[in-house]
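J.: Quick one: sequence and predicted model below, then my questions.
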Amino acid sequence: GDQVEQSPSALSLHEGTGSALRCNFTTTMRAVQWFRKNSRGSLINLFYLASGTKENGRLKSAFDSKERYSTLHIRDAQLEDSGTYFCAADSGYNKLTFGKGTVLLVSP
Amino acid sequence: EAAVTQSPRSKVAVTGGKVTLSCHQTNNHDYMYWYRQDTGHGLRLIHYSYVADSTEKGDIPDGYKASRPSQENFSLILELASLSQTAVYFCAIRDRSAETLYFGSGTRLTVL
């Protein structure tokens, strides 16, 4: 099976609301990285975590290697947050394994 | 910030034809990667390289070759393009001492 299971696959939010995305790992991972694919198709770095939590504006991410999961919280969602979000797990072999992505649609 | 340039931006190829996708970086990073993205599959690793003149197989290397002739350049080669290779291809770089992966803007390949 997949090493990285990402959920939900799709998410709809109204402006100003928030939610969380989650990635579960089937094995112990060294670190996790979160990306957003924008409307132009570019992959934008959001976070890299080897442990603990990081926050940047309205986004906050957590990674628990022992419990084998990572989360990405979005608060006060804005229209420009729409896109596809990916987590990617670093097993320590110099390559990342990606989740299948969460398609986020923020509507007025 | 990393600078990763992919070319072409998009390409239409015929089945059985040869396709070369190019990636150029200006950061002198050691690691370079080729991923493909298909709807519903996330990104999957095709080939990668950690030093010039050497390449490694990723998770889905069949039907692809890679070439790293210099530190700055990493190519993905489809000798006999097939319909199933229609996808968006991303090049990425990573420094040996760093952690974050930086992506190019992608190449949309359509095989007819």
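T.: In hand now; what should we look at?

J.: rest of the way, CA atoms for contacts and neighbours
T.: Will do.

J.: Which parts of the chain are strands?
T.: Let's take chain A. Ranges of strands within chain A are A:4-7, A:10-14, A:19-25, A:31-37, A:43-49, A:52-56, A:59-64, A:69-74, A:83-90, A:96-98, A:102-107, based on DSSP state E.

J.: sorry, should have said chain B
T.: In chain B, strands defined by DSSP E lie at B:4-7, B:10-13, B:19-25, B:31-38, B:42-51, B:54-57, B:65-67, B:73-78, B:87-94, B:102-103, B:107-111, listed in chain order.

J.: and the ones you listed, which is most packed in?
T.: Most buried of the strands of chain B by mean neighbour count (mean count of other Cα atoms under 10 Å in any protein chain shown) is strand B:87-94; its value is a mean of 24.

J.: that older thread, point out the most buried one among the strands of chain A.
T.: The highest mean neighbour count among the strands of chain A, using mean count of other Cα under 10 Å, belongs to strand A:83-90: a mean of 25.

J.: Are it and chain B in contact anywhere?
T.: Yes. Judged by Cα under 8 Å from any Cα of the partner chain, strand A:83-90 comes into contact with chain B through A:F86.

J.: OK, contacts around A:V106?
T.: Neighbour list for A:V106: A:12-15, A:77-82 [criterion: Cα atoms under 8 Å, 6 or more residues apart in numbering or on different chains].

J.: what do you get for B:A81?
T.: Neighbouring residues of B:A81 by Cα under 8 Å, 6+ apart: B:13-19, B:63, B:111.

J.: Right, I'll leave it there.
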